[in-house]
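A.B. asks: Pasting the sequence and the predicted coordinates here, then a few questions.
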Amino acid sequence: MGMKISPACLTDKYICLMLLVFPLWTGFEGYGNITFWKFAFFAAVTGLWLALLAISALAGRERPRPDRPFALLCALLLAWAALSYLVSPFSPGLMGRRYDGLLPLALYVLAGLGCSAYGEFKWRYVNLLGVSVTLCCLVAALQLAGFNPLWLYPEGFDFYGAGVDYNGAFLGTLGNTNILGSFLALSCPLLAFSAVKRRESRWLLLPTVLGAAVCALGGCEAALVGLLGSVLVFVPYYVYQKKRRLGLAVLALEAVAGLAALLWLYLAAPESGTLHELGELLHGRVEDSFGSSRVAIWREALRLFGERPVLGGGPGSFALRSTLEFTRYVPETGLTFHTLADSAHSEILSALTELGVVGVACY
């Protein structure tokens, strides 16, 4: 008799691969084509897992147990996305220019459904994530020291050429520093909480500290904001578990400090930088350049939404519809970089422009 593997076991192995190997996989072309190789890994592993799940389910090994409201919303989202794709006049393609088309969306949704049906939390998942964060940050640390481990930068380039020798900034095994920052801002709070919660998980403080340091030294400002927000939530929660009154006092102290910070920004914000922009927002003054031009991009997204509010432009259509372009002159090299706003830089706004109001509601 051949060996039969249950859907739960298959899902366990899939989750392990995605937490341990996927963050570290960079492909064979360095940062030059890392997005393709990341997606190729995800699509291949997810497709194989889904195929094996289907075979195992047909063999009657184990009945799925997905959360029904979640499963219903997933089905509605996929159906609406397919309809939006079919009626789109922009021909976005199944993959999308940024691997954000109908096929990737279907894989994301099916991955969520499969894990909902057959997955369950296991502490080793946190440990595997801790390993991948540690190794990713060690690569980033070497890059910050001027080295080129794994030969991710082309010959003669390094991290400190970001914005001068090439457009964008790249670090670690995730590629773009914004993506790296997102990964660390999600991972580090989980690792820190786990380290405090379980004595045998104290080692997870190492990747937590490494991740925070990489965010700070690598200029991942948005990630630092995310990490700070996590601290502001975690500290009073943790103290509250030990001593309720003290936890409430810490929460009240944070609220007072937050109000004081807002008052300072309103009355005496700096003349430039992010804090200046926050102060201007408190005065009701908004410029397109705020948030590294995120305001301009969000306004472009809302304009595109207004053109097709019900069905949207179809999955992966934002890059095909956007006319917003940025130029930046680099005096050190005499080059001018041209960048098209091909992403909404907001998951909700992206769904709104590509799937319309019904699609974003399901999302």
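C.D. replies: Structure's in. What do you need?
A.B. asks: For my notes, confirm R65 occurs in a strand.
C.D. replies: No - going by DSSP: H, G, I helix; E, B strand; the rest coil, the assignment for R65 is coil, not a strand.
A.B. asks: quick thing: my sequence starts at 27, can you match it?
C.D. replies: New numbering, starting at 27: the last item is R91.
A.B. asks: any idea how far T37 is from the spatially closest residue to it that is not a sequence neighbour?
C.D. replies: Leaving out its chain neighbours, the residue that sits closest to R91 by CB to CB, 6 or more residues apart in numbering is A143, at 5.8 Å. Bear in mind the C-beta positions are built from the backbone N, C-alpha and C, glycine included. A143 sits at a distance of 8 Å from T37 (criterion: CB to CB, to the nearest Å).
A.B. asks: Tell me the strands beside the helix or strand of the chain with the lowest mean pLDDT, with direction?
C.D. replies: The weakest-scoring helix or strand in the chain, judged by mean pLDDT, DSSP states H and E, is strand 361-366 (a mean of 84). Counting by DSSP bridges, the strands paired with strand 361-366 are strand 351-356 (antiparallel).
A.B. asks: so where's the stretch 27-176 of the chain uncertain?
C.D. replies: The stretch 27-176 of the chain contains residues with pLDDT under 70 at 27-29, 87.
A.B. asks: show me where it has helices.
C.D. replies: 33-46, 60-84, 94-113, 128-144, 149-170 (DSSP state H, counting those that start in this stretch).
A.B. asks: Tell me which residues touch the residue nearest to R91, please.
C.D. replies: A143 is in contact with P33, T37, P90, R91, P92, A97, counting by CB atoms under 8 Å, 6 or more residues apart in numbering.
A.B. asks: ok, how many other residues are close to the third one?
C.D. replies: P90: 13 surrounding residues under other CB atoms under 10 Å.
A.B. asks: picking that back up, I'd like the distance between the residue nearest to R91 and A105.
C.D. replies: 19 Å.
A.B. asks: May I see the buried residues of the least confident helix or strand of the chain?
C.D. replies: Using 16 or more other CB atoms under 10 Å as the burial criterion, none of the residues of strand 361-366 qualify.
A.B. asks: Just the CA trace of it, in PDB.
C.D. replies: Extracted C-alpha coordinates of strand 361-366, given in PDB (Å, rounded to 0.1, in the frame of the first residue of the first chain):
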ATOM      1  CA  LEU A 361      20.700  61.000 -14.300                       C
ATOM      2  CA  THR A 362      16.900  61.600 -14.100                       C
ATOM      3  CA  PHE A 363      14.800  58.700 -12.800                       C
ATOM      4  CA  HIS A 364      11.300  58.300 -14.100                       C
ATOM      5  CA  THR A 365       8.800  56.300 -12.000                       C
ATOM      6  CA  LEU A 366       5.200  55.500 -12.900                       C
END
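A.B. asks: so what's the residue most central in space within the chain closest to, chain neighbours aside?
C.D. replies: Among the residues of the chain, the one closest to the centroid is S208, at 4.6 Å (CA atoms, centre = their mean). Closest residue to S208 apart from its sequence neighbours, by CB to CB, 6+ apart: A249 at 6.9 Å.
A.B. asks: so the one you found is in which element?
C.D. replies: If you go by DSSP states H and E, A249 is part of helix 247-268.
A.B. asks: which parts of that helix are buried?
C.D. replies: The neighbour-count check on helix 247-268 (16+ other CB under 10 Å) flags A248, A249, L250, G252, L253, S256, L258, P262, V265, Y266 as buried.
A.B. asks: And for stretch 315-326?
C.D. replies: Applying 16+ other CB under 10 Å to stretch 315-326 flags F316, G317, S319, R320, V321, A322, I323, W324, E326 as buried.
A.B. asks: need the residues you listed in TSV with secondary structure, pLDDT and distance to P180, can you?
C.D. replies: Shown next, in TSV, are the buried residues of stretch 315-326 (DSSP: H, G, I helix; E, B strand; the rest coil; pLDDT from 0 to 100; distance: CB to CB, whole Å):
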residue	secondary structure	pLDDT	distance to P180
F316	helix	92	33
G317	helix	88	30
S319	helix	91	27
R320	helix	92	29
V321	helix	95	33
A322	helix	95	31
I323	helix	96	28
W324	helix	96	33
E326	helix	97	31
